[in-house]
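Student: Provided below are the primary sequence and the corresponding predicted coordinates.
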Amino acid sequence: MKKKVILVIIDGLGDEYIPELRDTPLGFISTKLNTINKMAREGMCGLVNVISPGIPPSSDTAHFTIFGYDLSKEYTGRGYFEALGANIPIEEGDVALRFNLATVEKIGDLLYIRDRRAGRISGTQAEKLISDLQRAIDENDLPAELHHTLEHRGVLVIKGKEKLSRCISDVDPHETDVPVLQSEPFEEISKEDVDAALRTASIVNKITQLSFEVLDKHPINRERGEQGLPKANIILSRGAGIAIKLTPFNEKWGMNAAYVAGGPLYKGVAKAVGMKEIYVEGATGTVNTNLEGKIKGVIDAIDKGFDFVFLHIKGTDSLSHDKKPRLKAEFILKIDNVLHELLELKDIVIALTGDHSTSSRLGRHIGLPVPIVFYSDSTIRRNNLHRFNEMECAENGALGSIRGSDIMPILLDLSNRTMEYGLRPSPKKVMYAGAFGKPLRI
Ligand code: ZN
Ligand code: ZN
């Protein structure tokens, strides 16, 4: 019998040794975990190198890989996921970039970045600046739309009237006190793609330049200058992504999939692969998210007949970026406290892991592997492991070390959905049973 599958991603779950805790945050709290330790005792654990050992994934590349998509062939770039997740209208062929309103200082013919967030300018002021800049973009006949999202952030959509490319470098150097960069095509792309990339980069460069011309002298910035606040006098864009049709998750894995998530990026990746949203009131993608509600959302989705549910919890990663290892540990305990209802489901396989490790000492993603547990209400190997943490999963896990791209095949196998390697009843190359070609008519 086919089982239902739940994939729980606790963002940035893994960590490094934190001297004040004398352990990783997960290791420190793992003596107190009830449900996750039960899953670990009765299931199979191991470590995941999500992309490859030593490579710190971004959240979008990590999720894309875990969902079974090939970064080298199918990756669309982050901006597309951001746009989808924020419900910004985007059509096939458009290119989307995230942007920040930032503060620059003009020295000679260069623009030096002084504050990448323009003093975290208020949403109301940002909104006004962005709408005035949009007017200038339209007057200059540039095929682009700006969408404000939160505080200093927004999404720039370049309309694909002519062929565009996502393979362009960022104008944002991701550091302060260095000049704003010129966007250029990636060096490694093929000759056919260079024209599209040159066209896209040129539009981005024009918009960046225009943003400084319009915003630097804008009355809001004059006022901010008088009040001693940093001017929001440029938009710095990054992470170009192109809207393309991806093979739907359902086609790839033979399961109808739904997702429960709060953060726009995760919603965006899930939407891009065709998962259906289960909306949960108060699911914010922050540490104050409605954890109970999210678990109810997962159970709802299973009851509605979805075969696969992806649950994303973001708070752990945010606390790591804020260098708060103790709060990260406490948040993991809060998650553990709500998970027990999932274990009461029948005919279920659950995988629980992170999308990458985030160091709460350094405040950034690191390349160390993440612990994973596969739990099922029946038929699975059990490892001799009592606590779910990085070191026990490495030392006593039944699985050893796997890659992010191994997670979906393992889930297929444990949920009795897999097909023996080499069998080919369908022209489409899939791993799951039940995909057939046309019946022969006689
Ligand atoms: Zn992440
Ligand atoms: Zn992160």
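Tutor: In hand now; what should we look at? Ligands and ions are numbered 1, 2, ... in the order given.

Student: can you tell me which residue of the protein sits closest to ligand 1?
Tutor: Across the chain, no residue is closer to ligand 1 than residue 59, which sits at 3.1 Å (CB to the ion). Backbone N, C-alpha and C define where each C-beta goes, glycine included.

Student: my read: that residue touches residue 354, true?
Tutor: No. Applying CB atoms under 8 Å, one finds residue 59 not in contact with residue 354, separated by 10.1 Å.

Student: shared neighbours, these two?
Tutor: Residues touching both residue 59 and residue 354 (CB atoms under 8 Å, 6 or more residues apart in numbering): residue 11.

Student: okay, the two: which has more neighbours?
Tutor: Comparing residue 59 with residue 354 by other CB atoms under 10 Å, the one with more neighbours is residue 354, at 26 against 23.

Student: what sits closest to that one if chain neighbours are left out?
Tutor: residue 13 (2.8 Å; CB to CB, 6 or more residues apart in numbering).

Student: and that neighbour, what pLDDT?
Tutor: We note a pLDDT of 98 for residue 13 in this prediction.

Student: phi, psi for it please.
Tutor: phi -60, psi -40 (degrees, to the nearest 10).

Student: start at 23 instead
Tutor: Fine by me, first position is 23 from now on; the one you just mentioned is residue 35.

Student: in this protein, where's the longest strand?
Tutor: Longest strand in the chain, counting residues (DSSP state E): strand 117-129.

Student: and the residue of the chain closest to ligand 1, what does it touch?
Tutor: 33, 287, 288, 339, 377, 378.

Student: ok so the fourth one is a helix residue?
Tutor: Yes. Going by DSSP: H, G, I helix; E, B strand; the rest coil, the assignment for residue 339 places it inside a helix.

Student: and it, what's its pLDDT?
Tutor: 96.

Student: grab the most central residue of the chain for me.
Tutor: residue 82 (3.2 Å; CA atoms, centre = their mean).

Student: what about that residue, distance to residue 297?
Tutor: As judged by CB to CB, to the nearest Å, residue 82 and residue 297 stand 14 Å apart.

Student: please apply the same query to residue 89.
Tutor: 9 Å.

Student: then residue 98?
Tutor: Using CB to CB, we find residue 98 at a distance of 15 Å from residue 297.

Student: which one's more surrounded, those two?
Tutor: Ranked by neighbour count (other CB under 10 Å), residue 98 and residue 297 place residue 297 first, with 26 against 23.

Student: quick one: that one and residue 333 touch, right?
Tutor: No. Between residue 297 and residue 333 there is no contact under CB under 8 Å: 11.4 Å.

Student: what do these two both touch?
Tutor: residue 281.

Student: ok so residue 361 is a helix residue?
Tutor: Yes. Counting by three-state DSSP, residue 361 is found in a helix.

Student: that older thread, nearest to residue 145, of the contacts of residue 81?
Tutor: residue 287 (19.0 Å; CB to CB).

Student: ok, the closest one - contacts?
Tutor: By CB under 8 Å, 6+ apart, the neighbours of residue 287 are 81, 82, 100, 103, 104, 107.

Student: ok, now how distant is it from residue 181?
Tutor: Taking CB to CB, one finds residue 287 at 22 Å from residue 181.

Student: got the contacts of residue 287 as a markdown table, with distance to residue 357 columns?
Tutor: Listed next are the contacts of residue 287 as a markdown table, based on distance: CB to CB, whole Å:
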| residue | distance to residue 357 |
| --- | --- |
| 81 | 17 |
| 82 | 22 |
| 100 | 26 |
| 103 | 24 |
| 104 | 25 |
| 107 | 22 |
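
Student: so which of those are in helices?
Tutor: Members of the contacts of residue 287 lying in helices (criterion: DSSP state H): 81, 82, 100, 103, 104, 107.

Student: can you tell me which of the residues you listed is nearest residue 248?
Tutor: Nearest member of those to residue 248, counting by CB to CB, is residue 104, at 33.7 Å.

Student: how about the contacts made by the closest one?
Tutor: 118, 120, 177, 261, 263, 286, 287, 290.

Student: how about a cut-off of 7 Å?
Tutor: 118, 120, 177, 286, 287, 290 (CB atoms under 7 Å, 6 or more residues apart in numbering).

Student: so which of the residues you listed wins on neighbours?
Tutor: That'd be residue 118 among the contacts of residue 104, by other CB under 10 Å, with 31 neighbours.

Student: within range of ligand 1, give me the residues from the chain.
Tutor: 33, 81, 339, 377 (CB under 5 Å from the ion).

Student: in those, find the pair that's most separated.
Tutor: So for the residues of the chain next to ligand 1, where distance means CB to CB, the most widely separated pair is 339 and 377, at 8.1 Å.

Student: overlap in contacts of those two?
Tutor: Both residue 339 and residue 377 are contacted by residue 33, under the criterion CB under 7 Å, 6+ apart.

Student: neighbour count winner among these two?
Tutor: Using other CB under 10 Å, the more surrounded residue of residue 339 and residue 377 is residue 377, with 29 against 24.

Student: quick check, that one in contact with residue 85.
Tutor: Yes. Contact criterion CB atoms under 7 Å: residue 377 and residue 85 qualify, at 5.8 Å.

Student: where do the strands of the stretch 73-222 of the chain begin and end?
Tutor: Remark: strands assigned in the stretch 73-222 of the chain by DSSP state E, counting those that start in this stretch are 117-129, 132-137, 166-170, 175-180.

Student: can you lay out those strands as CSV showing distance to residue 218 and mean pLDDT?
Tutor: Output for the strands of the stretch 73-222 of the chain, formatted as CSV (distance: least, CB to CB, whole Å; pLDDT from 0 to 100):
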stretch, distance to residue 218, mean pLDDT
strand 117-129, 9, 97
strand 132-137, 26, 97
strand 166-170, 16, 97
strand 175-180, 11, 96
